[in-house]
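Chemist: coordinates only, sequence not included:
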């Protein structure tokens, strides 16, 4: 299952850290069936974390073992270029499957918040709900790798039947 592989999570560290913390919280609770191997647990940042080249070097090392990427998309994610856009570019260059998680609850590609770099690429768009995130981690990487051309075909969404099967209406 893909959630056992390293997952690199991209997010607005100022405004959307709560969502990343919630995902880590879900993982920590034994009675909840949610797990992912967090690539951020490797190569911790030190006091040099104010140096862009230092930070990007550490982040690239984290990408080395990642098998998929989750982008937590909040209000301002699309406007963040220094790190967020750079991280997405690295993920695309590495050919990693990208799961776009809409913090506003949208099941579709939301052009008001979605970073332009992943609009209309083969990226799955889902709401910030534990069950659908788990489903995407379990299924999308394999689907992505099975595609012949991952840069075309536009955004991917799951049909309503998937949400119903997960108890998400």
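Modeler: Perfect, thanks for sending it. Keep in mind it's a predicted model, so treat the numbers as computed, not measured. Numbers count the residues shown, from 1 in each chain.

Chemist: which strand in this protein runs the most residues?
Modeler: Longest strand of the chain, by residue count under DSSP state E: strand 66-73.

Chemist: give me the next element, helix or strand, following that strand.
Modeler: Heading C-terminal from strand 66-73, the first helix or strand you meet, by DSSP states H and E, is helix 86-93.

Chemist: contacting residues for residue 136?
Modeler: Under the criterion of Cβ atoms under 8 Å, 6 or more residues apart in numbering, the neighbours of residue 136 are 99, 124, 126, 158. C-betas here are computed from N, CA, C, even on glycine.

Chemist: with residue 63 instead?
Modeler: Shown in contact with residue 63 (Cβ under 8 Å, 6+ apart): 8, 39, 90-91, 94, 96.

Chemist: I'd like to know which of those is nearest to residue 57.
Modeler: Taking Cβ to Cβ as the measure, residue 57 sits nearest to residue 90 out of the contacts of residue 63, at 11.7 Å.

Chemist: now do the closest one: how many residues are near it, please.
Modeler: By the other Cβ atoms under 10 Å criterion, the neighbourhood of residue 90 contains 19 residues.

Chemist: just to revisit the earlier point, so what strands line up beside the longest strand of the chain?
Modeler: strand 6-10 (parallel), strand 98-102 (parallel) (DSSP bridges).

Chemist: so which residue is dead centre in the protein?
Modeler: Here the mean C-alpha position of the chain is nearest to the C-alpha of residue 70 (Cα atoms, centre = their mean), at a distance of 0.7 Å.

Chemist: need the pLDDT of that one.
Modeler: According to the model's per-residue confidence, residue 70 sits at a pLDDT of 93.
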